[in-house]
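Peer 1: What follows is a predicted protein model with its sequence.
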Amino acid sequence: MPLLSAQSESKHSEEFRSHIKSSLCQAIGAFTYGENVDMMLSEVGRTTGRDGYIFEIHHVFTLNEGMLSTFRHLFQNDFVDDFDQDIDFENNLIRFTVYFCDTGQKNKRGCYMYKAFFSFNNPCLYYGLLCIWNPTRYLSFL
Amino acid sequence: MEPNAIPVFSLTDETPPTPAGLKALDNEDRAVITTVANKLQEKHKDVIFSTKVLPSRTLVNFYNLNALSIEELRRINICNHRIKKLEIHFSSATLNLTLWKKEKPPRAKERKNVGTNETKNMKRAVTSFVEKQASTIRESDERVIRAVLRVLLRWTWGSAASNVVCHQDGDRYSFTAKNLRTVSFKQLQELVELGDYVQGVRVNIKEKCAAFYVERTTSYIQENRAKRRRT
């Protein structure tokens, strides 16, 4: 069944999704007591615009800052670009929209910047240019 | 909304709802809810509803609905001018109605500019879908199908992507959008307003999908040709 989304499923995003899911499951396990004993995680699906995934935590009857900060802490990863958090009081659920970053592109971008930085900061480049501009004057230093 | 806090009234019972439960509702609200409920009950016998009265608005949720057509929603929408929101929530399988008690304070409208990136992403998503369905979509109908898909994409933009099934049966394309979270009457209206070729828009709450047909007509094909000739 074709998905109407701008992003296609990639190997990276699948890895990230499973990683986030397992860490969320572990975190939920630590909070399933008292009124939140029936808390459960459900995967809603892929996002439309950016590469991401939507998770929902159902049957949340008691909410505290500690719980929210724990969940937020899970998304402070290298592969999580951004995330949104919605609390649906009507249906007693928390919805997390996690956007993944494209690690391949980031690495490439960093690599290009690194190369550009060193090539433009190389004094040999400027000395070479000076030699081309006035060879008699600057080649005499060699 | 806490389930215990909402009074739930059955419409199938011959006896009227308990007056204690209706005390929280105004006469106006009660009249609107009764009208809407009667309209729904014509087709859906087991429909029940719950209300929640807030200082600014009254929220009404209708349960036990199987499928709703755009005509039914249109009839509900024109019942009263105070109906401001008509939404179908697939996760809770309800039709949600919002009745505003007083007019909302006037607020400066912000014009939402869709960024170039978003437009590009939308275009890319639609193109990839059309390419996947190249065997079913004819070249002459591609423009119409793209417009329809763009509307579907706008419904789910920023939330979970929907699974769209497209079948061609003669001169008719049947579309089914699955994995939807919510659909409002306005969004459905937007789809219908594309043209006469979009027909049979209906929402199946039990199966959590919206289905409609796109009729292949000669009008838009000829329009396309005329435009091409001009250029």
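Peer 2: Thanks, I have the structure now.

Peer 1: Enumerate the residues of chain B near chain A.
Peer 2: B:1, B:91-92, B:118, B:121-122, B:124-126, B:128-129, B:132-133, B:149, B:152-153, B:156-166, B:177-179, B:181 (C-beta under 8 Å from any C-beta of the partner chain). (C-beta placed from N, C-alpha, C; glycine too.)

Peer 1: make it 6 Å
Peer 2: By C-beta under 6 Å from any C-beta of the partner chain, the residues of chain B that approach chain A are B:1, B:121, B:124-125, B:129, B:132, B:153, B:156-157, B:160-165, B:179.

Peer 1: In helices, which of those residues appear?
Peer 2: Assigned to helices by DSSP state H, the following of these qualify: B:121, B:124-125, B:129, B:132, B:153, B:156.

Peer 1: can those go into TSV with extra columns for neighbour count and pLDDT?
Peer 2: Converted to TSV, those look like this (neighbours: other C-beta atoms under 10 Å in any protein chain shown; pLDDT from 0 to 100):
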residue	neighbour count	pLDDT
B:Asn121	19	84
B:Arg124	14	87
B:Ala125	24	87
B:Phe129	21	88
B:Lys132	13	85
B:Leu153	24	91
B:Thr156	24	90
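
Peer 1: How many neighbouring residues does A:Lys21 have?
Peer 2: Neighbours of A:Lys21 under the rule other C-beta atoms under 10 Å in any protein chain shown: 15.

Peer 1: got it, and B:Ser140?
Peer 2: B:Ser140 - counted by other C-beta under 10 Å - has 14 other residues nearby.

Peer 1: Give me the secondary structure label for it.
Peer 2: Following DSSP: H, G, I helix; E, B strand; the rest coil, B:Ser140 is assigned to helix.

Peer 1: Roughly how far does it sit from B:Thr217?
Peer 2: Applying C-beta to C-beta, to the nearest Å, the value for B:Ser140 to B:Thr217 is 11 Å.

Peer 1: Then B:Val151?
Peer 2: In terms of C-beta to C-beta, B:Val151 sits 18 Å off from B:Thr217.

Peer 1: Now do stretch B:75-90: everything it contacts.
Peer 2: With contacts defined as C-beta atoms under 6 Å, 6 or more residues apart in numbering or on different chains, stretch B:75-90 is touched by B:32, B:35-36, B:39, B:95-100, B:180, B:182-185, B:203, B:208.

Peer 1: Which of those residues fall in helices?
Peer 2: B:32, B:35-36, B:39, B:185.

Peer 1: which of those residues count as buried?
Peer 2: B:32, B:36, B:185 (16 or more other C-beta atoms under 10 Å in any protein chain shown).

Peer 1: The last one against B:Arg74, yeah?
Peer 2: No: under the contact definition of C-beta atoms under 6 Å, B:Phe185 does not touch B:Arg74, with a separation of 7.7 Å.

Peer 1: residues touching B:Trp100, list them.
Peer 2: For B:Trp100, counting by C-beta under 6 Å, 6+ apart, the contacting residues are B:57, B:82, B:84.

Peer 1: What residues sit buried inside the helix or strand encompassing A:Tyr126?
Peer 2: Element membership of A:Tyr126 [criterion: DSSP states H and E] is helix A:123-133. Neighbour counts over helix A:123-133 (16+ other C-beta under 10 Å) mark A:Cys131 as buried.

Peer 1: which residues sit against the helix or strand sitting right after it along the chain?
Peer 2: Sequence-wise, the next helix or strand downstream of helix A:123-133 (DSSP H and E) is helix A:135-138. Residues outside helix A:135-138 that contact it (C-beta under 6 Å, 6+ apart): A:130-131.

Peer 1: Please apply the same query to stretch B:210-220.
Peer 2: Under C-beta under 6 Å, 6+ apart, the answer for stretch B:210-220 is B:141, B:144, B:148, B:171-177, B:183, B:197-203.

Peer 1: hmm, 8 Å instead?
Peer 2: Contact with stretch B:210-220 is made by B:138, B:141, B:143-145, B:148, B:171-177, B:180, B:183, B:188, B:191, B:195-204, as judged by C-beta atoms under 8 Å, 6 or more residues apart in numbering or on different chains.

Peer 1: so where's the chain uncertain?
Peer 2: Since you didn't name a chain, this refers to chain A. Counting by pLDDT under 70, chain A has low-confidence residues at A:9, A:103-118, A:141-142.

Peer 1: wrong one, chain B
Peer 2: Ranges of chain B meeting pLDDT under 70: B:1-24, B:102-106, B:111-115, B:218-231.

Peer 1: Show me it divided up by domain.
Peer 2: Domain assignment for chain B by automatic domain parsing gives B:3-100, B:116-230.

Peer 1: now those as CSV including distance to A:Asp38?
Peer 2: Listed next are these as CSV, based on distance: least, C-beta to C-beta, whole Å:
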stretch, distance to A:Asp38
domain B:3-100, 14
domain B:116-230, 22
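
Peer 1: Which one of those lies nearest to A:Tyr53?
Peer 2: Among those, the nearest to A:Tyr53 by C-beta to C-beta is domain B:116-230 (8.7 Å).

Peer 1: The chain: strands as residue ranges?
Peer 2: Here I'm looking at chain A. All strands of chain A, identified by DSSP state E, fall at A:40-46, A:52-58, A:80-88, A:93-100.

Peer 1: sorry, should have said chain B
Peer 2: Counting by DSSP E, the strands of chain B are B:8-10, B:48-53, B:57-63, B:67-69, B:83-89, B:94-100, B:163-169, B:172-178, B:182-184, B:198-204, B:209-215.
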